[in-house]
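Student: Fold the following for me, if possible:
(chains A and B)
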Amino acid sequence: MTNLSIFLLAIVFSSIALFPISTLSFSPESPTDRRILVLLDDASIKSSHSIFFNSLQKRGYNLDFKLADDPKLSVQRYGQYLYDGLILFAPTTERFGGALDLAAVLNFVDSGHDLIVAADANASDLIRNIAAECGVDFDEDPSATVIDHTSYAVSETEGDHTLVASDNLIASEVILGKKKIEAPVLFRGIGHSLNPENNLVMKVLSASSTAYSANPTSESSKPPSLVGSAISLVSVLQARNNARVMLSGSLDMFSNRLLRSGVQKAGSSNKYDKSGNEQFVTELSKWVFHERGHLKAVNVRHHKVSSTDEPAIYRINDDLEYSVEIYEWSGSSWEPYIADDVQVQFYMMSPYVLKTLSTNGKGVYHTSFKVPDVYGVFQFKVEYHRLGYTSLSLSKQIPVRPFRHNEYDRFITTAFPYYGASFSTMLGFFIFSFVYLYHK
Amino acid sequence: MSLYFGSGLRSDLNTLKHRGRHRKSEEMARSSSSTKDGESFLALFHSLRSAYAATPTNLKIIDLYIIFAVLTALIQVVYMGIVGSFPFNSFLSGVLSCIGTAVLAVCLRIQVNKDNKEFKDLPSERAFADFLLCNLVLHLVIMNFLG
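Tutor: The predicted structure follows:
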C-alpha cells in the first residue's frame, strides 16, 4: 500500500516537473531555443569557458554537457528532437559517439534547429565537413592559423602575432545588438573563406587587410592561400528554414581567459580593460538562438474598400485594402516590428502590383490599391528577406474575374458617333432598298 | 476587274488605251511639258465619266450607296483617331457595319450586273433577297456588339 502511494506520488511529481519543461521548449509561439546540447572534446572546457555557458544558463537555457565521444549520444528519440540547439565545442573530434554523425548534424539543422560550431588549429575533418556544408571553407593547411602583423593584440612578450584583435564587425544591429561593441574582439584560431555559391552565409567578424593564414612556426615557402579581408574569422548562416548557424575559427574566443582579458590593438593607444569578446559572443548567441530577429506575420486580411468582409473573388478594377501584422520576438514577448520597406505583391506569374506597406507603429501594415485590368488567379505575396531577420514568405491565393455582362457602361457619350453611324447605315439600307426596288 | 464591272466600261477603257498610245507618240514627237500632263489627266477623267454614264441606273444607285458607307466608315476612323479607342467595341461595330454594308453592296452589284456571264442564271430578285438577308444578319450582330 505505501509502496503504491509512493509510486503514484512519484508519477505525479515527475509529471509536474516535466510539464514546465515541455511548455518552455521551442515553438512557433515562443521561438527562443530552450534545450541545448553542448558537445566538448575535453571536460575541462566546461570550466575554462564557464562565463559563456553561465550567461546562457542565466538567460534560461537548459544546457546538457556531453563529451563528444559519449557512446550514448543522440539528438533525437522516436523521431522527436531532444534539443533545440547544438553547440559543438569539440574541434578535434574525428567521430562523435552514438548515433550522431555529419548527416545527423545536418538533419538537425535542416529541421530548423540552431548550431554553433567552434573550430581551432588542428580542426578535425568532421568539423571541417560540417562547416563546408554550411558554406564555410576552413584553411586546408592543418597547421595554419591567422597571423596579422599590424592588428595583433599587444602583450608583454612580442609573440608570433597569432592573437588577432579585430574590429571589422558586420554592420547589423539585429545580429550584434543595438549597443556598439567598442573594444576589439580577440581571436586566436584558423581562418576561413566563404563559398561564393552559398549566398546565405555571411561574415560577422572578418580579418584586417594585412592578415594572412599560415603556419606561424615554419618559414613559409609558398604564398598563403587565404589573405587579407577575404579571411573570415566568424561567420553566420541563416538557412531558408530560418535555422541559424554560427561558425567560428576559434574556440579560444569563447574562453574565460579572452573574455576577461584586456586588449590593446597594435598601433593604437586605446587600451581597453576588457576585450569585446564577451559582448560579441553573448549578442551573437542571442541571435543564433532566436532571441532576436525572429519575425512572424499574422492576421493577413484583405477586403474591398467599400466593405469589411473578405471576398472569395475580386472583380477587375476593384479597389481593395490589404493589411498584415508583423511582430518581432524580443526573447520574451512579441513586439511590433517597425520598418518602412515591407512590400506586398499582387502576383500572377509576375507581380502586377508592388506596393510598399505603411505601418501604424503597432505592427499593423496596411495598403490599398486597385486590382489590375487583368483577370486570372492572383496571389497576395509578401516576400520579406532582410539581413539578420528570419525571412517572411506569405502568399494567399485570390481569383479575379472580369466584368459581368451587365456591369459594363452603356450609352457612353464618346461612342455616340458610332451609334449614329450604325443607325444611319441601317437607315441608309432601308432607303436604298426602296430606291433600288422602285426606281423606274 | 473588267469582267466584273461590265463590258460597257471595258470598251471605253480600250478606246482610252488606244487614244493614250496615240497621244504618247505625239508627245514624244513634240517636247513634253507639264500642261500636257494636266490635259491628259483631264481627258482621262472625262472619258471615265462618259464611260460611266453608260452604266445602268440600278448599278449607279448601288455605287452611291457604297460611297455613302465608305465615307461614314472613314469619318468614324478619323473620329477614333481624335478621341482615342475607348469604347472599342462601339468603334468596331460602327466601322464594321459600314464596311460590311459596302461589301454586301459590292456583292449585290456583281450579281445584278447584266454583263457578268457568271451570274447570268441568277435572277436579280434572288440576288436582292440574299442581300436583304445578309444585311439583316449583319445589323443584328452590329446591334449586339454596339454595347
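Student: When you work out contacts or count neighbours from here on, use the C-alpha atoms and nothing else.
Tutor: Will do.
Student: Which parts of the stretch 301-440 of chain A are helices?
Tutor: Using DSSP state H, counting those that start in this stretch, the helices of the stretch 301-440 of chain A run over A:416-438.
Student: who in it is up against chain B?
Tutor: A:410-412, A:414-415, A:417-419, A:421-422, A:425-426, A:428, A:432, A:435-436, A:439 (C-alpha under 8 Å from any C-alpha of the partner chain).
Student: Mind telling me what element the residue in the stretch 101-250 of chain A that chain B sits nearest to is part of?
Tutor: For the stretch 101-250 of chain A and chain B, the shortest gap (C-alpha to the nearest C-alpha) falls at A:Arg240, measuring 47.9 Å. Taking DSSP states H and E as the definition, A:Arg240 sits outside all helices and strands.
Student: Excluding residues flanking it in the chain, which one is nearest it?
Tutor: A:Ser391 (7.6 Å; C-alpha to C-alpha, 6 or more residues apart in numbering or on different chains).
Student: Read off the pLDDT value for the one you found.
Tutor: In this model, A:Ser391 is scored at 91, pLDDT.
Student: That one touches A:Asn242, doesn't it?
Tutor: Yes: counting by C-alpha atoms under 8 Å, A:Ser391 sits close enough to A:Asn242 to count as a contact (7.0 Å).
Student: mind listing the helices in the stretch 151-300 of chain A by residue range?
Tutor: For the stretch 151-300 of chain A, applying DSSP H, counting those that start in this stretch gives helices covering A:173-176, A:256-260, A:277-288.
Student: now for those helices, which one comes closest to A:Lys370?
Tutor: Closest approach to A:Lys370 among the helices of the stretch 151-300 of chain A is made by helix A:173-176 (35.1 Å; C-alpha to C-alpha).
Student: Around B:Val83, count how many other residues there are.
Tutor: Per other C-alpha atoms under 10 Å in any protein chain shown, the neighbour tally for B:Val83 reads 10.
Student: Could you do A:Ser47 as well?
Tutor: For A:Ser47, the number of neighbouring residues by other C-alpha under 10 Å comes to 12.
Student: ditto for A:Asp373
Tutor: Look at A:Asp373: counted by other C-alpha under 10 Å, it has 14 neighbours.
Student: mind listing what's buried in the longest helix belonging to chain B?
Tutor: Using DSSP state H, we find that the single longest helix of chain B is helix B:57-83. For helix B:57-83, burial by neighbour count (16 or more other C-alpha atoms under 10 Å in any protein chain shown) applies to B:58-63, B:65-66, B:68-70, B:72-73, B:76-77, B:79-80.
Student: does A:Thr282 really touch A:Ile51, like I thought?
Tutor: No: under the criterion of C-alpha under 8 Å, A:Thr282 is not in contact with A:Ile51, lying 9.9 Å apart.
Student: Identify the residue spatially nearest to the closest residue to chain B within the stretch 201-350 of chain A, adjacent ones excluded.
Tutor: Here the residue of the stretch 201-350 of chain A nearest chain B is A:Asn317; by C-alpha to the nearest C-alpha that distance is 15.9 Å. Nearest non-adjacent residue to A:Asn317, counting by C-alpha to C-alpha, 6+ apart: A:Val371, 4.8 Å away.
Student: A:Met253 too?
Tutor: Nearest to A:Met253 is A:Phe187, by C-alpha to C-alpha, 6+ apart, at 5.4 Å.
Student: Return the residues in contact with the closest residue to chain A within chain B.
Tutor: Of all residues in chain B, B:Gly94 sits closest to chain A, at 4.7 Å by C-alpha to the nearest C-alpha. Listed by C-alpha atoms under 8 Å, 6 or more residues apart in numbering or on different chains, the contact partners of B:Gly94 are A:418-419, A:421-422, B:73, B:76, B:142, B:146.
Student: Can you mark which positions in the strand or helix carrying it are buried?
Tutor: In this structure, B:Gly94 sits in helix B:88-112 according to DSSP H and E. Of the residues in helix B:88-112, B:89-102, B:104-106, B:108-112 count as buried by neighbour count, 16+ other C-alpha under 10 Å.
Student: That helix: what's the following helix or strand?
Tutor: Per DSSP H and E, the first helix or strand lying C-terminal to helix B:88-112 is helix B:124-145.
Student: Now do that next one: which elements does it pack against?
Tutor: Other helices and strands packing on helix B:124-145, by 3 or more C-alpha pairs under 8 Å, 6 or more residues apart in numbering or on different chains; DSSP states H and E, are helix B:88-112.
Student: and the angle from the helix it packs on to helix B:57-83?
Tutor: Following axes from the mean of the first three to the mean of the last three C-alpha atoms, to 10 degrees, one obtains 160 degrees for the angle between helix B:88-112 and helix B:57-83.
Student: Check whether the longest helix of chain B comes near chain A.
Tutor: Yes: Helix B:57-83 is in contact with chain A by C-alpha under 8 Å from any C-alpha, via B:58, B:61-62, B:65, B:69, B:72-73, B:76, B:83.
Student: Now do that helix: which elements does it pack against?
Tutor: When contacts are defined as 3+ C-alpha pairs under 8 Å, 6+ apart, helix B:57-83 packs onto helix A:416-438, helix B:88-112.
Student: can you list the ones you listed in JSON lines and add mean pLDDT and distance to B:Ala43?
Tutor: As requested, these are exported to JSON lines (pLDDT from 0 to 100; distance: least, C-alpha to C-alpha, whole Å):
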{"stretch": "helix A:416-438", "mean pLDDT": "94", "distance to B:Ala43": "32"}
{"stretch": "helix B:88-112", "mean pLDDT": "95", "distance to B:Ala43": "27"}
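Student: Would you mind putting these into a markdown table with distance to A:Asp114 alongside?
Tutor: Converted to a markdown table, the helices and strands packed on helix B:57-83 look like this (distance: least, C-alpha to C-alpha, whole Å):
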| stretch | distance to A:Asp114 |
| --- | --- |
| helix A:416-438 | 70 |
| helix B:88-112 | 61 |
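Student: out of those helices, nearest to B:Glu39?
Tutor: Nearest to B:Glu39, of all the helices and strands packed on helix B:57-83, is helix B:88-112, at 32.0 Å by C-alpha to C-alpha.
Student: measure A:Leu82 to A:Phe65 for me?
Tutor: 13 Å (C-alpha to C-alpha, to the nearest Å).
Student: still on that earlier bit, for the residue nearest to A:Asn317, which residues are in contact?
Tutor: Shown in contact with A:Val371 (C-alpha under 8 Å, 6+ apart): A:314-320.
Student: the bottom helix or strand of chain B by mean pLDDT?
Tutor: helix B:2-5 (a mean of 45; mean pLDDT, DSSP states H and E).
Student: which ones are touching the closest residue to A:Arg410 other than its chain neighbours?
Tutor: Nearest non-adjacent residue to A:Arg410, counting by C-alpha to C-alpha, 6+ apart: B:Gly147, 6.3 Å away. Going by C-alpha under 8 Å, 6+ apart, B:Gly147 touches A:410-411, B:89-90.
Student: Report the two of those residues separated the most.
Tutor: Most distant of those, by C-alpha to C-alpha, are A:Phe411 and B:Asn89, 12.3 Å apart.
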